[in-house]
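Enquirer: how would this look folded up:
(chains A and B)
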Amino acid sequence: MKKIILALLTVLALAIGSFAFFNAWVYPPMGLTDLGKDQYRTAWERAAKGFCESSGLTFQGDTFIKYRPVETGDEAYCWGTALCRTADGRERLAWIYLEWSAKRKLWTRSYTLVLADDDDEAYYTPAFPKQLGRAATALSKIMGENARHVREYMGRTTP
Amino acid sequence: MRIDATRVVKLGLFLCLALTFYKGFMKLPEVYPVLDPERFYRGLINDGENSLVMKERHFDFNYQTGLAVAMRLREMRERGETPPDTALVTRERAELALGKCLAKDARNADYVLLAQEKLDRARRLKAEGWSLGWSLGGADFPRFDDLGAEAGRP
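Expert: Predicted coordinates:
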């Protein structure tokens, strides 16, 4: 009995560990490793196109891109919104945000999502949805984002 | 002098304690700007710069969310769609969301100003070569009763 519990705990720890390792280390700089700090625009466009492709959207261009390096350190940030179109012709804005990793010296994807999407918290009111609905939405967002990362990783063209 | 496991662990714990003490001591506002001023001021300004970028980004995120909500409202109007109340995105809730975004814009713009002030303050402290010093309340440290008098309180 003890052995079974131990084995299950090991499997669980490995699952959580690989989930974190993939999403926090492997996925963020995927396909951006050859780009320097000044090539933020290329990095942003690659990230935006990868996001749109793995989300079933058509990338149409950016509405703005901001690049904010910091003078007293090696940190730099790049964010903007991509205009995209869904399969049935609806327009959507996607938020694409990259951070320059001062430790790894490469651009990493930080926070990427479709703004005001069907499950966005912006539509929540105090009465709707209830706590359980909110928790379910939050969990489905995390798992959906993870699945999208995997899709993007599997469909990658650059090493 | 024997070397055994207990002694090794005790020595390790003592070293960790000493390291903790040293690191904490070096972070004291009385000590840090005196012993390592270059690093101290750079840290202050770096923090201010990163905060300012963060606040600007948070403003942009909320502003763009508002634009995206407006986009969806327009889309619902143009396509003549009225989603049922069980859906999360209805016309009513989208309008509420838009109002929420507008309200948060005002607050986020304020946060950008506060972050800019924080960065300016850090730069001023560096220019002045500020350090906390060891005195308990000098000309630089207005007392609470002085502040109260300034604000017109008895």
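
Enquirer: What strand or helix carries the nearest residue in space to A:Gly56 that is not next to it in sequence?
Expert: Setting aside the residues directly before and after it, A:Gly56 is nearest to A:Ala87 in space (CB to CB, 6 or more residues apart in numbering or on different chains), at 6.2 Å. (C-beta placed from N, C-alpha, C; glycine too.) Under DSSP states H and E, no helix or strand contains A:Ala87.

Enquirer: and if you look at B:Leu28?
Expert: Using DSSP H and E, no helix or strand contains B:Leu28.

Enquirer: quick one: pLDDT of it?
Expert: On the pLDDT scale, B:Leu28 is placed at 90.

Enquirer: try B:Ala139
Expert: On pLDDT, B:Ala139 comes in at 56.

Enquirer: what's the longest helix in chain B?
Expert: Counting by DSSP state H, the longest helix found in chain B is helix B:37-79.

Enquirer: What helices and strands are in contact with that one?
Expert: strand A:58-69, strand A:76-85, strand A:91-101, helix B:32-35, helix B:91-128 (3 or more CB pairs under 8 Å, 6 or more residues apart in numbering or on different chains; DSSP states H and E).

Enquirer: Next, the contact list for the closest residue to chain A within chain B, please.
Expert: Nearest residue of chain B to chain A, counting by CB to the nearest CB: B:Ala68, 3.6 Å away. Under the criterion of CB atoms under 8 Å, 6 or more residues apart in numbering or on different chains, the neighbours of B:Ala68 are A:Arg92, A:Leu93, A:Val114, A:Leu115, A:Ala116.

Enquirer: Intersect these with the contacts of chain B.
Expert: Filtering those for proximity to chain B (criterion: CB under 8 Å from any CB of the partner chain) leaves A:Arg92, A:Leu93, A:Val114, A:Leu115, A:Ala116.

Enquirer: Out of those residues, which comes closest to A:Tyr123?
Expert: A:Ala116 (7.9 Å; CB to CB).

Enquirer: Based on its surroundings, how many neighbours for residue 87?
Expert: All of this is about chain A. 8 (other CB atoms under 10 Å in any protein chain shown).

Enquirer: The chain in question should be chain B.
Expert: Neighbour tally, B:Ala87, other CB under 10 Å: 11.

Enquirer: Using just helix, strand and coil, how would you label it?
Expert: On the three-state scheme (DSSP: H, G, I helix; E, B strand; the rest coil), B:Ala87 is labelled coil.

Enquirer: Show the backbone phi and psi for it.
Expert: When quoted as degrees, to the nearest 10, the phi and psi of B:Ala87 stand at phi -70, psi 150.
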